[in-house]
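**Student:** Sequence and predicted structure are below.
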Amino acid sequence: MTLEFFEVEAVGLGATLQDRGRRGWRRFGVPPGGAMDDHAAAWANRLLDNPSDAGVLELLLQGAQVRALADGWVAITGADANLGLPMWQPVHVERGDLLEFSHNLCGVWAYIAVEGGFEGRRWLGSVSGYSRARLGHHCEEGEILHRAHAAAFQMPPSVANRWVETNERRNYRIPPVLRVWRGPQWELFPAAAREAFFEQEWTVSGQSDRVGYRLAGEPVTGAVPEIISEPVRVGTIQVPESGQPVVTMRDGPTVGGYPKLGLLDSADISWLAQCRPGQKVRFRPHEAGSEL
Amino acid sequence: MNWLPYGPNAWLLRFAEVVGDDAFFLARSIETEITRRPPPGLIEYVPGFTSMLFEFDPQQSGIEEEVLPELLQRFSFGMVAKISTSPVHEIPVIYDGPDLGRVAELNELSVEEVIEMHSSHLYRVYLLGFSPGFPYLGDLDPRLHAARLPSPRLKVPGGSVAIGGEHTGIYTVDSPGGWNVIGRALLRIFDANAVDEDSPSRSMFRLKPGDRVRFVPEKKE
């Protein structure tokens, strides 16, 4: 049983439901999907005692407006879109309240969790909206979003609160140096090219989405231009002939034909996901992934 | 045959150097072997042309020391059976794609010759990738090879039959794409809404790696 909770008055630059994605379907060409910033999405659910695979609403940058159709608890994490409500803590909304993600201030993806979790169109066991094939749950303007009927979240408003520890509330303006494991074609890149990749500061390109994030900088050259297409993991740093790396994200293709320099550590994919176009980012070899 | 590390808990098995008969049948034997007797802790495998990705449960111990070497032994089949009993799918196609002329020109053929050559071969499904159920069909006649478009189209309709380099394939959903579109398949090979609780994969994805495909030209309606 589900309950009506939000009306989507505007989808803004993009609104989908996401959860932890669909596993085990890559050999059929189906990418895993799931929240781009799994760290923020997980905290939103955790704040409300939701199951870790509960559906959350994922909003791109700005422009989305949702109106509460019922009273209830929500938790908002991720990108700051000038919402005017506290983030990273449970918030009680009342019927008729309008949540306006008017203007992006930092980060890329904002998350709203609701007590019980959002329910939506499932495909292969997941609500995660998969843009390339329009599968899973994509929000439409005027649509009513439902939440699962679960035991009510208990917390007296304005009296007590819980929040996310300061060091877990990320400042997306200052990402750490991101950790990279060796990729299958590591040896195909000349040592100088690998050093060039780790030594420079990269700019996240505007041509970045749920499929892949492009990086702009001094080209990484010297590897073979193409390889026989082989399986690709989420977080893989592929280097096409242009020398401008592309990091495969959660809706990215399951196979690819560019040499793979490395693999972004799974815990750092969320950091890259929240980097806005134009933002600078640096990489370093993962300690356990050994030296240059 | 060797293992290449691919981040935490994952390895890429490189089992051939070139695409072709040997790689194809070896891949099928490896797949059969791991399906029949999955190694401990295997979460997911993804086949490529000459490689296969194996992802393991982080909790599983002894992968590098025991599981991977043991798999290599199991995969060293003395002789790989090349007699294929895999299903053959006949897919009716209307050859009227926007890039039919381009493929003909690039290879100095007539449009009729392209259609004749493209539809007279029995193709193998090497792998599914790019988008759900999209088959990379191998052993395209070298006289039909055609470089990808200089800039990809923003929307290629689902069902488009296309040539990309040395492969031919079928777009399964509307998506951006850079392959040369030569026709329209009249048979759906991917149905996201097919409901079969027992075997979602069988009902949703008509083709599997190892299957074979023949295109049957149809008259324009």
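**Tutor:** Happy to help now that I have it.

**Student:** need the contact list for the residue nearest to B:L128 when sequence neighbours are not counted.
**Tutor:** Among residues not flanking B:L128 along the chain, A:G29 sits closest, at 4.2 Å (Cβ to Cβ, 6 or more residues apart in numbering or on different chains). Every residue, glycine included, has its C-beta placed from N, CA and C. The contact partners of A:G29, by Cβ atoms under 8 Å, 6 or more residues apart in numbering or on different chains, come to A:254, B:128-134, B:172.

**Student:** Could you count how many residues lie near A:G206?
**Tutor:** The number of residues packed near A:G206 is 11, by other Cβ atoms under 10 Å in any protein chain shown.

**Student:** Which helix or which strand is home to it?
**Tutor:** Following DSSP states H and E, there is no helix or strand that holds A:G206.

**Student:** roughly how far apart are it and A:A64?
**Tutor:** A:G206 sits at a distance of 20 Å from A:A64 (criterion: Cβ to Cβ, to the nearest Å).

**Student:** now A:E7, which residues is it bridged with?
**Tutor:** Beta-bridge partners recorded for A:E7 (DSSP bridges): A:R67, A:I144.

**Student:** And the lowest mean pLDDT element among the helices and strands of the chain?
**Tutor:** The chain I'm using is chain A. strand A:255-256 (a mean of 90; mean pLDDT, DSSP states H and E).

**Student:** Please refer instead to chain B.
**Tutor:** Least confident element among the helices and strands of chain B, by mean pLDDT, DSSP H and E: helix B:200-204 (a mean of 74).

**Student:** hmm, which two among the contacts of A:G29 are most spread apart?
**Tutor:** Farthest pair in those (Cβ to Cβ) is A:T254 and B:T172. Separation: 12.8 Å.

**Student:** chain center to the following helix or strand past the least confident helix or strand of chain B: distance?
**Tutor:** Counting by DSSP H and E, the next helix or strand C-terminal to helix B:200-204 is strand B:212-217. Mean-position distance between strand B:212-217 and its chain equals 15 Å (Cα atoms, centre = their mean, to the nearest Å).

**Student:** same for strand B:212-217, what does it pack against?
**Tutor:** Judged by 3 or more Cβ pairs under 8 Å, 6 or more residues apart in numbering or on different chains; DSSP states H and E, strand B:212-217 is in contact with strand B:88-94, helix B:111-119, strand B:123-128.

**Student:** could you check the angle strand B:88-94 makes with the last one?
**Tutor:** Going back to what we said before, that points to strand B:123-128. Compare the direction of strand B:123-128 with that of strand B:88-94 by axes from the mean of the first three to the mean of the last three Cα atoms, to 10 degrees and you get 100 degrees.

**Student:** for the helices and strands packed on strand B:212-217, which one sits closest to B:M1?
**Tutor:** Closest of the helices and strands packed on strand B:212-217 to B:M1 is strand B:123-128, at 17.8 Å (criterion: Cβ to Cβ).

**Student:** Could you list every helix and strand in contact with that closest one?
**Tutor:** helix B:21-36, strand B:135-138, strand B:212-217.

**Student:** which residues are in contact with the last one?
**Tutor:** What that stands for is strand B:212-217. Outside strand B:212-217, the residues that touch it by Cβ under 8 Å, 6+ apart are B:84, B:86-95, B:115, B:118-119, B:121-125, B:135, B:137, B:161, B:183, B:185, B:207.

**Student:** Put the buried members of the residues you listed into a PyMOL selection.
**Tutor:** Buried subset of the contacts of strand B:212-217, written as a PyMOL selection, criterion 16 or more other Cβ atoms under 10 Å in any protein chain shown:
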select buried, chain B and resi 89+91+93+94+95+115+118+119+121+123+124+125+135+137+161+183+185+207
